[in-house]
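Student: could you look at this predicted model? Sequence included:
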Amino acid sequence: MKLAILGGGGFRVPLVHRALLAGGGVTELVLHDVDAGRLAAIERVLAEQAEDVSGAPRVRTTTDLAVALSDVDFVFSAVRVGGLRGRQLDEQVAAAEGVLGQETVGAGGIAYGLRTVPVAVGLARTIAELAPRAWVINFTNPAGLVTEAMAAHLGGRVIGICDSPVGLCRRVARALGIDPATAWFDYAGLNHLGWLRAVRVGGEDVLPRLLADAAACESFEEGKLFGADWLRALGALPNEYLHYYYFAREAAGSESRGAFLLEQQRGFYAEPSLASWERTRLEREATYMAETREGERDADDLDGGGYENVALALLRAIAHGERTTLILNVRNGSALPGVPGSAVVEVPCVVDANGARPIAAGPLPDHALGLVTAVKAVERATIEAATTGSRAAALRAFALHPLVDSVSVARRLLDGYVAVHPELAYLAR
């Protein structure tokens, strides 16, 4: 079985490779990237990682997309248009206006989407032409928005993934002292905008038990982040990224993640090795969302085991017909009431050889549905702008986002991003 990773020079690729070494049936791994130097660095790390591992997949690298897609069974799309320098600029332009520049939420997420969607759509069209039977697993952020744009050309053969929901469910299970394999996690929303509404064990919802115990509730990441009193008021556990909405005043202008990662990874790519990659990874994980958290991150959350394991579970289920349930980003259909059927949502799905099918979920409460509806409208305006070149749609995306508080600010954001990102020349006046 052949797997191609688009964005194969990316820093997190060794995590996927490490998971492949544990099994999954992939015999050939092709890394594609537009940067040959980054490819060479990651290839070196993978070679070290595979030493003395029997049955390790053969690894090849290429800057030729057609070569990467030849006879491929699965494609992992993990591109970063503009690189970490682009992320740094996203944050800086937003911070100058006093709004959030985080790469998937608020103004930063819109800017990232505007320069990523044209590339993602181009990849989707090429995959549809050269590898129409391949399954595409999308890692590229903003994951829900990008998956929806690619789905216009690939239909149900593109599936988006994120490790935030599975991490939340794992931490909640640990706090409750239950085996996550025995529980049903009622999670629903959009990527980076979802809520865990119930945890059912043997027909009983045990989430209220957790919410009633302040010490247990605040023993894990999300409880510390939001506070037990707010979680009780919601009656649910939000995805960690909802901190940017619920505590918008505190979050705006505080992040400098892009600059930190740019400098950190510059050192690794200059002198790549498995040891330097592992040191850099652990530092990266320890500082994840540090601007929202007091103190150090829990050790249990630093061991990897995130999105790469979701991706491999999805791959195995499709390739081998191993029926399973995963929280994924897929077209809604009729699964989540109040959300358009063609919209990509993040919900539990049944996965087998036929792909991923969303499981019917109960309606979101009004406050959550209102936020989901608003953000989905922003995502769709972003896709419209990126696929048609409409500056008006781009302005609408910025102005209607819940975390952008003025049309005047939205205009300045759009002008600012067009000025610093060559990829957005299509939106110039």
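Tutor: Noted; the coordinates are in hand.

Student: output stretch 129-142 in PDB with nothing but the alpha carbons.
Tutor: The C-alpha trace of stretch 129-142 is given here as PDB (Å, rounded to 0.1, in the frame of the first residue of the first chain):
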ATOM      1  CA  GLU A 129      -7.300  13.600 -12.200                       C
ATOM      2  CA  LEU A 130      -4.200  11.500 -11.500                       C
ATOM      3  CA  ALA A 131      -5.400   9.400  -8.500                       C
ATOM      4  CA  PRO A 132      -9.200   9.300  -8.600                       C
ATOM      5  CA  ARG A 133      -9.300   6.100  -6.400                       C
ATOM      6  CA  ALA A 134      -7.100   7.500  -3.700                       C
ATOM      7  CA  TRP A 135      -8.500   8.500  -0.300                       C
ATOM      8  CA  VAL A 136      -7.400  11.900   0.900                       C
ATOM      9  CA  ILE A 137      -6.900  12.600   4.600                       C
ATOM     10  CA  ASN A 138      -6.600  16.300   5.200                       C
ATOM     11  CA  PHE A 139      -4.300  17.600   8.000                       C
ATOM     12  CA  THR A 140      -4.000  21.100   6.500                       C
ATOM     13  CA  ASN A 141      -5.400  23.900   8.700                       C
ATOM     14  CA  PRO A 142      -7.900  25.500   9.000                       C
END
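
Student: tell me which residues in it are buried?
Tutor: For stretch 129-142, a neighbour-count test (16 or more other Cβ atoms under 10 Å) marks 131, 134, 135, 136, 137, 138, 139, 140, 141, 142 as buried. From N, CA and C alone the C-beta is placed, and that goes for glycine too.

Student: how about residue 320, nearest residue that isn't a chain neighbour?
Tutor: Distances taken as Cβ to Cβ, 6 or more residues apart in numbering put residue 25 closest to residue 320, at 6.8 Å, once the chain neighbours are dropped.

Student: isn't there a strand covering that neighbour?
Tutor: No. Assignment of residue 25 by DSSP: H, G, I helix; E, B strand; the rest coil gives coil, placing it outside any strand.

Student: and the host helix or strand of residue 231, what does it pack onto?
Tutor: According to DSSP states H and E, residue 231 maps onto helix 228-234. Helix 228-234 is packed against helix 207-212, helix 214-217, with contacts defined by 3 or more Cβ pairs under 8 Å, 6 or more residues apart in numbering; DSSP states H and E.

Student: can you put those in JSON lines and add mean neighbour count?
Tutor: JSON lines is the format used below for the helices and strands packed on helix 228-234 (neighbours: other Cβ atoms under 10 Å):
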{"stretch": "helix 207-212", "mean neighbour count": "16"}
{"stretch": "helix 214-217", "mean neighbour count": "16"}
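
Student: include distance to residue 73 and mean pLDDT when you put these into a markdown table, please.
Tutor: Listed next are the helices and strands packed on helix 228-234 as a markdown table, based on distance: least, Cβ to Cβ, whole Å; pLDDT from 0 to 100:
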| stretch | distance to residue 73 | mean pLDDT |
| --- | --- | --- |
| helix 207-212 | 39 | 97 |
| helix 214-217 | 43 | 97 |
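
Student: switch those helices over to CSV; also include distance to residue 154.
Tutor: Output for the helices and strands packed on helix 228-234, formatted as CSV (distance: least, Cβ to Cβ, whole Å):
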stretch, distance to residue 154
helix 207-212, 35
helix 214-217, 40
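
Student: among those, which comes closest to residue 334?
Tutor: The closest of these to residue 334 is helix 207-212. By Cβ to Cβ, the value is 25.1 Å.

Student: ok now that closest one, how far from the chain's centre?
Tutor: Centre-to-centre, helix 207-212 and its host chain are 28 Å apart (Cα atoms, centre = their mean, to the nearest Å).

Student: which residues are contacting that helix?
Tutor: Helix 207-212 is contacted from outside by 172, 175-176, 196-199, 216-217, 228, 231-232, 235-237, using Cβ atoms under 8 Å, 6 or more residues apart in numbering.

Student: got it, and stretch 239-254?
Tutor: Identification of contacts with stretch 239-254 by Cβ under 8 Å, 6+ apart yields 94-95, 98-102, 104-106, 164-165, 168, 189, 192-195, 221-222, 225-226, 230, 238, 289, 291-292, 371, 402-403.

Student: where does pLDDT dip in the stretch 301-429 of the chain?
Tutor: 301-305 (pLDDT under 70).

Student: so which of the contacts of stretch 239-254 are in helices?
Tutor: Within those, residues falling in helices by DSSP state H are 94, 95, 106, 164, 165, 168, 221, 222, 225, 226, 230, 371.

Student: just the buried residues out of these, in ChimeraX syntax.
Tutor: To isolate the buried members of these in ChimeraX, using 16+ other Cβ under 10 Å:
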select :94,95,106,164,165,168,221,222,225,226,371
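
Student: just the ones in helices among the contacts of stretch 239-254 now: which is nearest residue 337?
Tutor: The closest of the ones in helices among the contacts of stretch 239-254 to residue 337 turns out to be residue 371 (Cβ to Cβ; 15.2 Å).

Student: and for the residue nearest to residue 63 when sequence neighbours are not counted, the neighbour number?
Tutor: Of all residues not flanking residue 63 in the chain, residue 36 sits nearest, at 5.6 Å (Cβ to Cβ, 6+ apart). Other residues near residue 36 number 12, with proximity taken as other Cβ atoms under 10 Å.

Student: so how far is residue 277 from residue 36?
Tutor: Between residue 36 and residue 277 the computed distance is 18 Å (Cβ to Cβ, to the nearest Å).

Student: distance check, residue 132 against residue 69.
Tutor: When distance is defined by Cβ to Cβ, residue 132 is 10 Å away from residue 69.

Student: got it, and residue 103?
Tutor: The spacing between residue 103 and residue 69, counted by Cβ to Cβ, is 27 Å.

Student: try residue 275
Tutor: Counting by Cβ to Cβ - residue 275 and residue 69 are separated by 33 Å.

Student: so for these two, which sits in the more crowded spot?
Tutor: Each of residue 275 and residue 69 has its neighbours counted (other Cβ under 10 Å); residue 69 has more, 22 against 10.

Student: was I right to think that one contacts residue 131?
Tutor: Yes. Look at residue 69 against residue 131 with Cβ atoms under 8 Å: they come within range, at 4.6 Å.

Student: which stretches in the stretch 301-429 of the chain count as helices?
Tutor: Here the stretch 301-429 of the chain has its helices, by DSSP state H, counting those that start in this stretch, at 307-320, 366-388, 391-400, 407-420.

Student: model confidence for the residue of the chain positioned farthest from its centre, exactly?
Tutor: No residue in the chain sits farther from the centre than residue 52, which is 32.2 Å out by Cα atoms, centre = their mean. pLDDT for residue 52: 89.

Student: all set, thanks.
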